[in-house]
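Engineer: Let me see the structure of the following:
(4 chains, ligands or ions: 4)
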Amino acid sequence: MTSTAAAGSARKDAQDKGSTTTLGRALNEGLRQAMRDDDRVVLLGEDIASLGGVFRVTDGLAVEFGDRVVDTPLAESGIIGTAIGLALRGYRPVCEIQFDGFVYPAFDQIVSQLAKMRARSRGLLRLPVTIRIPVGGGIGAVEHHSESNEAYFCHTAGLRVVACGHPQDAYDMLRAAIACDDPVIFYEPKRRYWDRAEVDLGRPVDGDTVGRARILLEGADVTVVAYGPTVAVALSAAEVAAAEGRSLEVLDLRSLSPLDTTELCRSASKTGRVVVVHEAPVNVGLGAEIAATVMEHCFYNLEAPVERVGGYNVPYPPARAEGDYLPDLDRVLDAVDRVCAP
Amino acid sequence: MTSTAAAGSARKDAQDKGSTTTLGRALNEGLRQAMRDDDRVVLLGEDIASLGGVFRVTDGLAVEFGDRVVDTPLAESGIIGTAIGLALRGYRPVCEIQFDGFVYPAFDQIVSQLAKMRARSRGLLRLPVTIRIPVGGGIGAVEHHSESNEAYFCHTAGLRVVACGHPQDAYDMLRAAIACDDPVIFYEPKRRYWDRAEVDLGRPVDGDTVGRARILLEGADVTVVAYGPTVAVALSAAEVAAAEGRSLEVLDLRSLSPLDTTELCRSASKTGRVVVVHEAPVNVGLGAEIAATVMEHCFYNLEAPVERVGGYNVPYPPARAEGDYLPDLDRVLDAVDRVCAP
Amino acid sequence: MSTNSPATPAATHADDILRLVDPAGTLNEQAAAGMLDVTDELVRALYRDMVLGRRFDQEAYSLQRQGELGLWLMSLGQEAAQAGSIRALRADDRVFPSYREHVAALCRGISPAELLSQWRGASHGSWDPERYHFHIYSLVLATQTLHAVGYAMGVRYDAGDSVVFTYFGDGASSQGDANEALNWAAVTSAPIVFFCQNNGWAISTPASKQYAGPLSERAKGFGLDAVSVDGNDVLAVYAATQRMVERVRTGGAPGFIEAHTYRMSGHSTSDDPGRYRDSAELARWEAHDPVERVRLLLTARGWADEDYFAAVASDAEELAAQTRQECRAIAEPSLSDTFRNTLCEETEALRREREGFETFEESFL
Amino acid sequence: MSTNSPATPAATHADDILRLVDPAGTLNEQAAAGMLDVTDELVRALYRDMVLGRRFDQEAYSLQRQGELGLWLMSLGQEAAQAGSIRALRADDRVFPSYREHVAALCRGISPAELLSQWRGASHGSWDPERYHFHIYSLVLATQTLHAVGYAMGVRYDAGDSVVFTYFGDGASSQGDANEALNWAAVTSAPIVFFCQNNGWAISTPASKQYAGPLSERAKGFGLDAVSVDGNDVLAVYAATQRMVERVRTGGAPGFIEAHTYRMSGHSTSDDPGRYRDSAELARWEAHDPVERVRLLLTARGWADEDYFAAVASDAEELAAQTRQECRAIAEPSLSDTFRNTLCEETEALRREREGFETFEESFL
Ligand SMILES: Cc1ncc(C[n+]2csc(CCOP(=O)(O)OP(=O)(O)O)c2C)c(N)n1
Ligand SMILES: Cc1ncc(C[n+]2csc(CCOP(=O)(O)OP(=O)(O)O)c2C)c(N)n1
Ligand SMILES: [Mg+2]
Ligand SMILES: [Mg+2]
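Structural biologist: Ligands and ions are numbered 1, 2, ... in the order given. Have a look, this model is predicted:
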């Protein structure tokens, strides 16, 4: 399979660091290209101009694009609210939320306004707003800097929610998200910003990258569903499992809402065993939807209940305990064992 | 069964309207009793003093309790933020959010502050804040006045989320919620405010009413899981199904987070068939968690995949289309048919 | 209850509150001289806007009582604030209303059916914001103020010379969003004017429980240029708005207008104002009716005669009849449309769901 | 870059900004006379607070560089704003800090270990707010200002005579919550004083991009009593705070103090201020060091000699040593505790989950 080969080579590249690009840099290039292609693309966020954002994803863009890169006042509701206004004026705002835990002050503007305005106007209005959110833990950060809140937005009709898991997708998906006429919540796995791979920066915009899941590794025994930061965890688990003679299929969801049910169910039906891995708390998380969806469509093909490996149902712990909290190789393999010998 | 009998008689009472109490009135009495018992209980909300709230749930309380009933400025983040401060000072604030769709401006204070503060303080702080939210559709209201947003709060660790479905529970559960030392999101099914039943207003506070699910009707063939406004829908469905020779068991969850997994799985294992009914959109809704939980614990007892009957995955429609949107008798019975003949 | 009372009518002719016409219909020539060319056409036109707006509101109220609308939020008493402000704008100045700006909406040409659709439960917003340069209503308080600022930032990017204008209430002023918007506008110098219809009440909550200093002072504190105006004086509102908007159009700092007016009805058809405000207050404000003083002015000046008033009254009745008729003809909404309008392109998931819904519905035919 | 610059040091001795001691250490006797009894004990005590606070901050910075802390947010340059304000409060006046109030926290007796725990990644907040009348830090900007107002409402209910005091920054002032809090305080007349440490920057965003009018003017617009003070002048801060707090304690309207100071370090140990601000600005502010001017004053007055300064320096070194030692001794956090502290009583579900986690962990032993 091409995709499998690509994933394999991407991981190899991560080692030799030849002409490779980090995930963060791929995003930066994606933004640059989008801004070059369409002068209606503008960026809003805290500290994104001269600083280039706390993760440097907007590095250098203020120099090239001047006032199209806006250092906003420190107010997330304001960022999304004004982005809506800009979108109504015909712009395509790309907002940066500094850390996952700081998106909540904007929740009303996202959930009540951005998500609903098209339906409210009976389809007259388009809201092409992209909201970039660095997501997840594993970087030893203080509180509110390691959250995984995708379930809130997936549950919200009128939004598209996507998460990229490696550098090429980071580039492709960000360009597709910006080109999309719907509001898109775009998750960037922050502990993967420094992951490297060969990235083709010349690819045309491809909507499928934000619509379709992708099999990164074909396997026969168990489907491991992952997205964003857990994609790499799933791939490592597959490697270890392979050594133990177990063949895992790794599915990178990419689109969290809507789900690519077709691809998900194809894989689940094939293997009959599914493990979902995400960092968010399991309770009413995206894993629950995946479990329910798989049960609904593949009930008679399932050999075991879908296993969910995720964050525990507690507030994100202090950094020195996050190793215990985040789903890792061992917990994924443990779940794989459970679905294999239920 | 006592509970079955109680449910039956409550529904009979609703017809003869003898010495019965509406759900709204039961809440009012619950607040009154809580304020009489503990002078640290204070109420905060928009228009709750002289007006008595838009649903009159706080009717007359300002007269009896004076400045313990506060008409706040029009700012939901302020309501929850100041309630947190009051709780830190030793008070037990009960906040009213005027309509479900207006809780989002307070989302950050609820999710980042209220829910996490105890864990953040390593268990030193208690946050006994109750947030009352009239929830759901079916009253022909304009936009933002008919939402079901429980999934957001259920996914949030550190909160308890409950929903009452009939007058006696309204009274008992509200008293238990206020007595609880944790933050509680308390959902009131707004289209049931005028439902009547005999209510015992002398009952002592019983924490179980906000912790345990309850079988309202025993049955053998299918478990119908409901809460808040859909409890009555489930009971009607059971009545019709019974006439068709099908025996439905109706489980009123009451506690939405944490789920009463024991009771849920007991019933699911017994019937082997489960239908969940809620008004919220199905995608990543509470029904997904119930489906996933049931699969996890009762996989080998299930005769069919769990069916979810809920709102569609679109923004809440205009009032004149809500009849098509809300799960009703027909859709529940249709799902019952599906799980019976999968 | 008196301690709860909002600004009395007396307060609306305090020194720092602009008034050009008093309740007796007397024009303050001196004050007007510097601000406005008061022509008979202008005053007649504003009078007509107000009478039609009031009649429309009254008709909508009746339609609600007859069960044709699910809810109605009355604009009675606020005609001057709305007509005076909207008429001072250029047709392409983009407006972001709250939800009670029916008089302003009518002035922009929005039809009765378009205005009633939402309150009938047939839609959440039914007119084309592009066509009227008037955004759909926002029911979540103060959210539109930020949309307006963002739109104004876009006007600036485009080097456009239109001004963005946003309406909100005394209650909405307490929301975080309203204050973020004031600050954001001040920081970006976006071409925007905030127009606060301070009608004394937010449902049952009097202005005195909503804020502690005049809202115009707050706006100044954020760095905006702010004025207060007697919101029941249509000429004062017109003059103040015109001046403020032109100042902003030519590059001045963002503006803020606080119009002191009064909500003569309940908050909505679901509200019972008897529970929280006394009739004496209402009576005091009745003497400050925004329409009556203009009628007196027109009569005193000989700018209009009985024929004119009769013609306007008859136009108003015609509008009422049209309103009734259009209301009953509003198409029923279909859930299928909601599916189709959720995203720009219906996703596979939504299509499957919609088809499932349609099949199920058809099974009952 | 100069257009982005925040208030220059010059602006901090504008006429309407209170200053008692200038950078040369000269006390303005006349100004002080009406406000404050400047005793040698007071000045020495404040000097000591600042020196210890600075040394602690420096040590924490080093510990971060050595990998002992995950992150540190430096308080360098803000010692006067913090020591001057906290020392003007009564010990039972409840404080709601933001996250950079290390000097204030030390003054309240919070230990180095308690202060570092959060930044080491061992907890999210580790001291007992009841014990120190000092709430745990809030990292989500401005949220604490509303908690403070609510707490103050509780003080009022209890007829208590303590005052609530909340710290926040120039950046945080843009959040909806900060503005809701100002309004709420004004409306309820709750016994609270807001203390804004305007240090010119919010990470890389200069004050000039954050707001357009002085923040103290905004507070006045909300109806608060507001003053501006040279935040690098510990006596001015002390005097202004004492006066404001006592006014509020005796029933006055809520207060607001804007302290003009400067963040001499980067935003945090992760920040690189070289990317956004020039060294000339830093140099200008170095001449306004808050500690140095007090040392000059003490020396000039003969209120302290070299022995005294040496003793303070030695106390500071002792604190640094204690800090190093306490830091390394901070207990590792356990996820089991997080389970137990999520709700007041661990639920069945949480207990099951915790036990599952513990069993799984043990399987690796
Ligand atoms: C965020 C939010 N909270 C609560 C409400 C419910 N609500 C609708 S109108 C209203 C009062 C608004 O008062 P004001 O802003 O003065 O406008 P007016 O109704 O007087 O025109 C309230 C509380 C709402 N629409 N939005
Ligand atoms: C709601 C929210 N958004 C963003 C952040 C990220 N952040 C942390 S500190 C900071 C700047 C704060 O500036 P200011 O309020 O002036 O305080 P200072 O750091 O200068 O003490 C930002 C943007 C945050 N903590 N909270
Ligand atoms: Mg009002
Ligand atoms: Mg700052």
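Engineer: residue closest to the middle of chain C?
Structural biologist: Residue closest to the average C-alpha location in chain C (C-alpha atoms, centre = their mean): C:Glu101, at 2.6 Å.
Engineer: OK, contacts around that residue?
Structural biologist: By C-beta atoms under 8 Å, 6 or more residues apart in numbering or on different chains, the contact list for C:Glu101 reads C:Ser75, C:Gln82, C:Ile86, C:Val95, C:Tyr137, C:Tyr167. In this view, the C-beta of every residue, glycine as well, is placed from N, C-alpha and C.
Engineer: The fifth one against C:Leu116, yeah?
Structural biologist: Yep, that's C:Tyr137 we're talking about. No: the pair C:Tyr137 / C:Leu116 is not scored as a contact, 11.8 Å apart, by C-beta atoms under 8 Å.
Engineer: Okay, now the unreliable bits of the stretch 1-150 of chain C?
Structural biologist: Low-confidence segments of the stretch 1-150 of chain C (pLDDT under 70): C:1-8, C:10-13.
Engineer: where along it do the strands fall?
Structural biologist: C:17-18, C:95-96 (DSSP state E, counting those that start in this stretch).
Engineer: nearest to chain D, of those strands?
Structural biologist: Closest approach to chain D among these is made by strand C:17-18 (16.8 Å; C-beta to the nearest C-beta).
Engineer: what comes into contact with the closest one?
Structural biologist: C:Ala11, C:Ala31, C:Val227, C:Ser228, C:Val229, C:Asp230, C:Asp233, C:Ala236, C:Ala239, C:Ala240, C:His260.
Engineer: Show me which pair in the residues you listed is furthest apart.
Structural biologist: Maximum pairwise distance among those (C-beta to C-beta): 19.7 Å, between C:Ala11 and C:Ala239.
Engineer: So which of the contacts of strand C:17-18 sit within helices?
Structural biologist: Among these, the members falling in helices (DSSP state H) are C:Ala31, C:Ala236, C:Ala239, C:Ala240.
Engineer: List only those of these flagged as buried.
Structural biologist: Buried residues within these, counting neighbours by 16 or more other C-beta atoms under 10 Å in any protein chain shown: C:Ala31, C:Ala236, C:Ala239, C:Ala240.
Engineer: and the gap between the last one and ligand 2?
Structural biologist: Computed as C-beta to the nearest ligand atom, to the nearest Å, the C:Ala240 to ligand 2 distance reads 36 Å.
Engineer: Next, work out how far apart that residue and B:Ala197 are.
Structural biologist: Shown here: C:Ala240 relative to B:Ala197, a distance of 57 Å by C-beta to C-beta, to the nearest Å.
Engineer: Next, the residue in the stretch 251-365 of chain C positioned nearest to chain D: secondary structure please.
Structural biologist: Per C-beta to the nearest C-beta, the residue of the stretch 251-365 of chain C with the smallest distance to chain D is C:Ala253, at 7.9 Å. For C:Ala253, the secondary structure call by DSSP: H, G, I helix; E, B strand; the rest coil comes out as coil.
Engineer: now do A:Val309
Structural biologist: Assigned with three-state DSSP, A:Val309 falls in the strand class.
Engineer: A:Val274 is in contact with that one, correct?
Structural biologist: No: between A:Val309 and A:Val274 there is no contact under C-beta under 8 Å: 11.0 Å.
Engineer: So those two - more neighbours on which side?
Structural biologist: Higher neighbour count among A:Val309 and A:Val274: A:Val274, with 31 against 28, using other C-beta atoms under 10 Å in any protein chain shown.
Engineer: what sits against that one?
Structural biologist: A:222-225, A:267-268, A:290-291, A:294, A:302, A:306-307, A:339.
Engineer: from the residues you listed, which single one is nearest chain D?
Structural biologist: A:Glu307 (12.5 Å).
Engineer: Apart from its chain neighbours, what residue comes closest to the closest one?
Structural biologist: Leaving aside its sequence neighbours, A:Glu307 sits nearest to A:Ala335 (C-beta to C-beta, 6 or more residues apart in numbering or on different chains; 4.1 Å).
Engineer: Could you report the neighbour count for that neighbour?
Structural biologist: Counted with other C-beta under 10 Å, the neighbours of A:Ala335 add up to 23.
Engineer: Pretty sure it sits against A:Val306.
Structural biologist: No: using C-beta under 8 Å, A:Ala335 is not in contact with A:Val306; the gap is 9.7 Å.
Engineer: C:Ile257 touches C:Val229, doesn't it?
Structural biologist: Yes: counting by C-beta under 8 Å, C:Ile257 does reach C:Val229; the two are 6.1 Å apart.
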